[in-house]
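1. no sequence on hand, only this structure:
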């Protein structure tokens, strides 16, 4: 059984505090993961605009955002200046790759994308990708091979843009199995590796035994777990370490997403089906996310 492990880095505190702790943890357990980093400004404080959604208010009450992100992060981009995340910490990005982990892009302006991608036109979406790719190339000296949409939010224009930028694979949606996306009669060529398990912030306050629930959902076909450097890398690192320990005990192989993509693209795994991408709501998360649909 395999568990593909994806680490989202949305904020400055996640990159500067959470990532070093996760790197140390992964080294102790000989684990390699895929890190997806936001490269542009940390405007986390702008998420306050989501308070008009009752589901967002309920999530904040359930998860205690001050513990998850810290008071300073919740003011960043409003009362405090928006500092660059990935492009402001080149040494940390090189540390990630230097320790054998995969590095991909997680948008440029995380809040701007998550709250606004549905209304973005083609040139705006391409601009977001271009800025993130440019920052990555300037630091790492090569193009990124993978992308993960902030907040699991993508549209058909974003899927089309990915094809033009030539990513090896993307991880933009929630679902069950690797697939090639389709939308409204359009077919896209970039392999999608969907997140299959709920995230910790979706389970807090809703499940008593979070790790037990996550482990109960593992299957022998495909598993992809997304953690957040701000959460599992900081206040809940102990809980996440217990999950890793149990995976080791059960002999679950924790792998980078790249290993899964290579197996598929090189023909060592079944050819992925062509499936639609739909917008749905899922338990524990505010607003819609892009999800793997059913066969038409």
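-> Perfect, I can see it now. Computed from a predicted structure; not experimentally measured.

2. what stretches of the stretch 1-150 of the chain score poorly on pLDDT?
-> 46-75, 77-80 (pLDDT under 70).

3. helices along that one, start to end?
-> Using DSSP state H, counting those that start in this stretch, the helices of the stretch 1-150 of the chain run over residues 12-13, 19-29, 54-63, 65-69, 90-98, 110-116, 122-140.

4. tell me the most buried of these?
-> helix 12-13 (a mean of 23; mean count of other C-beta atoms under 10 Å). Just so you know, the C-beta spots here come from the backbone N, C-alpha and C atoms, and that holds for glycine as well.

5. name the helices or strands packed onto it?
-> The helices and strands touching helix 12-13, judged by 3 or more C-beta pairs under 8 Å, 6 or more residues apart in numbering; DSSP states H and E, number zero.

6. switch to numbering from 42
-> Fine by me, first position is 42 from now on; the one you just mentioned is helix 53-54.

7. what residues are up against residue 293?
-> By C-beta atoms under 8 Å, 6 or more residues apart in numbering, residue 293 lies in contact with 42-44, 259.

8. tell me the SS of residue 318?
-> Following DSSP: H, G, I helix; E, B strand; the rest coil, residue 318 is assigned to strand.

9. follow-up on the earlier one: distance to residue 224 for the helices of the stretch 42-191 of the chain - can I get that in CSV?
-> Compiled in CSV, the helices of the stretch 42-191 of the chain are given as follows (distance: least, C-beta to C-beta, whole Å):
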stretch, distance to residue 224
helix 53-54, 34
helix 60-70, 33
helix 95-104, 25
helix 106-110, 32
helix 131-139, 32
helix 151-157, 18
helix 163-181, 14
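
10. for the stretch 192-337 of the chain, give me the ranges with low pLDDT.
-> Applying pLDDT under 70 to the stretch 192-337 of the chain flags residues 337.

11. ok, back up a step: tell me the two of the contacts of residue 293 that are most distant?
-> Pairwise distances across the contacts of residue 293 (C-beta to C-beta) peak at 9.3 Å, for the pair 43 and 259.

12. so what's the residue count around the nearest residue to residue 215 once chain neighbours are set aside?
-> Using C-beta to C-beta, 6 or more residues apart in numbering and skipping the chain neighbours, the partner closest in space to residue 215 is residue 332 (4.9 Å). Residues within reach of residue 332, counting by other C-beta atoms under 10 Å, total 19.

13. out of the helices of the stretch 42-191 of the chain, which comes closest to residue 235?
-> Among the helices of the stretch 42-191 of the chain, helix 151-157 comes nearest to residue 235, with 17.3 Å by C-beta to C-beta.

14. the residue nearest to residue 215 falls within a strand, correct?
-> Yes: using three-state DSSP, the assignment for residue 332 is a strand.

15. hang on, isn't it packed against residue 321?
-> Yes: between residue 332 and residue 321 there is a contact at 4.6 Å, judged by C-beta atoms under 8 Å.
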